[in-house]
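**Student:** below is the structure, and that's it, no one-letter string:
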């Protein structure tokens with residue numbers, strides 16, 4: 001795969017690979033060495049898009065019946081703290097036909113419910129987990145091996161590096177997470193991202209559209225496609241920049257805005273937070289605690305919500321208290337009020353909010369009708 005670049009703020013910035021892609025490539029290399037005795041010169045990993053990434057090994061070998069292969073993460077021009085980290089995959093045979101992927105030294109362990117990885121398991125997100133398993137399985141098939149394999153991942157200095165991430169706040173201990181929904185890291189610059197969002201909004205505005213779809217992230221993209229039948233090619237990914245996106249949509253003359261977002265992101269709007277990046281503000285617990293109290297929650301329930309680390313945990317607390325529906329309705333209405341204050345009535349705005357399980361937790365009155373309108 002050729003090097004990829006993006007143009008942001010008039011600069012040509014080099015893309016890189018996620019920890020998930022690096023892990024999948026390292027695992028494939030270790031499997032090849034174990035099963036065929038060949039030390040790979042180039043490592044390959046299939047990306048979710050179907051394209052293949054090619055990476056250089058940073059060392060391979062055999063040790064106590066296991067093969068290992070390392071990759072140095074190259075995040076391109078993205079200033080992520082995991083850039084340059086060494087990820088090593090150790091592969092060994094199993095007697096059954098199972099491929100098991102788990103974390104070792106430097107890979108975090110999940111200690112709380114509500115995340116995409118199960119509590120007690122390694123912090124290896126679903127997409128990279130699938131990439132790693134697929135890479136190892138395809139390598140085994142090429143080598144004529146039908147047995148099982150254990151894949152253990154390690155990240156050099158992962159525990160130290162993880163302290164500079166949001167893992168400690170999410171209840172992930174002992175190391176970094178293996179992440180990535182596309183396998184590709186695109187360089188992030190806040191101003192550049194906002195300008196890109198504005199450019200996309202202007203593109204739709206130039207087509208004389210009256211309604212626009214805003215999607216807050218990759219999971220929202222999947223939700224739109226699978227649950228609502230919406231083609232996200234007709235929408236704009238706004239990331240954390242709700243306020244900037246709404247303002248620019250009004251500037252471009254849009255009269256109707258549909259926003260589809262995960263509850264963990266959009267709930268912050270209920271507190272008037274229009275840039276939802278965690279480095280700017282994290283008002284989730286305060287929002288849920290306040291609206292739970294308005295819905296009749298007692299002091300102990302409010303305290304539990306304030307101590308929760310994720311919105312999934314907060315919703316579980318509300319379920320146990322019998323206050324889930326009423327509180328989520330209150331939060332949703334507050335989000336609409338804050339958006340209305342931002343638009344000052346210049347545009348109609350509808351929202352669809354979903355959770356980790358891709359269940360709709362709040363949908364405004366005209367959202368379905370507007371979604372159908374946009375999908376044509």
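**Tutor:** Here it is on my side, so go on. Because the structure is predicted, anything quoted here is derived from the model rather than measured.
**Student:** bridged to residue 66, which residues?
**Tutor:** With beta bridges defined as DSSP bridges, residue 66 has these partners: residue 63.
**Student:** does it touch residue 34 like I think?
**Tutor:** Yes: contact criterion C-beta atoms under 8 Å: residue 66 and residue 34 qualify, at 7.3 Å. Every C-beta, even on glycine, is put in place using the N, C-alpha and C of the backbone.
**Student:** which residues do those two both contact?
**Tutor:** Common neighbours of residue 66 and residue 34, counting by C-beta atoms under 8 Å, 6 or more residues apart in numbering, are 91, 92.
**Student:** looking at the two, which is more packed in?
**Tutor:** Using other C-beta atoms under 10 Å, the more surrounded residue of residue 66 and residue 34 is residue 34, with 25 against 17.
**Student:** mind checking pLDDT for that one?
**Tutor:** As predicted, residue 34 sits at a pLDDT of 97.
**Student:** now swap in residue 1 and tell me
**Tutor:** With respect to pLDDT, residue 1 scores 49.
**Student:** and residue 219, by the same measure?
**Tutor:** The model's pLDDT for residue 219 equals 68.
**Student:** then the one 3 residues further on?
**Tutor:** pLDDT, residue 222: 72.
**Student:** grab the nearest non-local neighbour of it.
**Tutor:** Spatial nearest neighbour of residue 222, excluding adjacent residues (C-beta to C-beta, 6 or more residues apart in numbering): residue 358 at 7.7 Å.
**Student:** residue 68 now?
**Tutor:** Take residue 68 and drop its neighbours on the chain: the residue closest to it by C-beta to C-beta, 6+ apart is residue 90, 4.8 Å away.
**Student:** got the phi/psi numbers for residue 351?
**Tutor:** Phi and psi for residue 351, reported as degrees, to the nearest 10, are phi -130, psi 150.
**Student:** residues near it, how many?
**Tutor:** Residue crowding around residue 351 was assessed by other C-beta under 10 Å; the count is 21.
**Student:** ok, now residue 208?
**Tutor:** 7.
**Student:** show me what contacts the residue nearest to residue 222?
**Tutor:** If you count contacts by C-beta under 8 Å, 6+ apart, residue 358 has them with 219, 222, 223, 226, 227.
**Student:** highest neighbour count among these?
**Tutor:** Counting neighbours by other C-beta under 10 Å, residue 223 comes out on top of those with 23 neighbours.
**Student:** so who does that one touch?
**Tutor:** Residue 223 neighbours (C-beta under 8 Å, 6+ apart): 260, 354, 358.
**Student:** give me the below-cutoff pLDDT ranges for the stretch 1-150 of the chain.
**Tutor:** The model of the stretch 1-150 of the chain has pLDDT under 70 over residues 1-11.
**Student:** do a quick rundown of the strands in it.
**Tutor:** 5-8, 11-14, 16-17, 43-46, 52-55, 60-63, 66-72, 86-94, 99-103, 106-107, 109-110, 148-155 (DSSP state E, counting those that start in this stretch).
**Student:** domains of this structure?
**Tutor:** The chain breaks down by automatic domain parsing into domains covering 5-185, 190-375.
**Student:** so the spatially closest residue to residue 200 that is not a sequence neighbour, which state does it fall into?
**Tutor:** Distances taken as C-beta to C-beta, 6+ apart place residue 236 nearest to residue 200, at 4.5 Å, with adjacent residues excluded. Look at residue 236: counting by DSSP: H, G, I helix; E, B strand; the rest coil, its state is strand.
**Student:** give the bridge partners for residue 236, please.
**Tutor:** Beta-bridge partners recorded for residue 236 (DSSP bridges): residue 214.
**Student:** quick one, what contacts it?
**Tutor:** Contact partners of residue 236, counting by C-beta under 8 Å, 6+ apart, are 197, 200, 201, 204, 212, 213, 214, 215, 245.
**Student:** next: residue 198.
**Tutor:** Taking C-beta under 8 Å, 6+ apart as the test, what residue 198 contacts is 244, 248.
**Student:** so it lies in a helix, does it not?
**Tutor:** Yes: counting by three-state DSSP, residue 198 is located in a helix.
**Student:** list the contacts of the nearest residue to residue 96 once chain neighbours are set aside.
**Tutor:** Among residues not flanking residue 96 along the chain, residue 148 sits closest, at 4.6 Å (C-beta to C-beta, 6+ apart). Residue 148 makes contacts with 93, 94, 95, 96, 97, 98, 99, 100, as judged by C-beta under 8 Å, 6+ apart.
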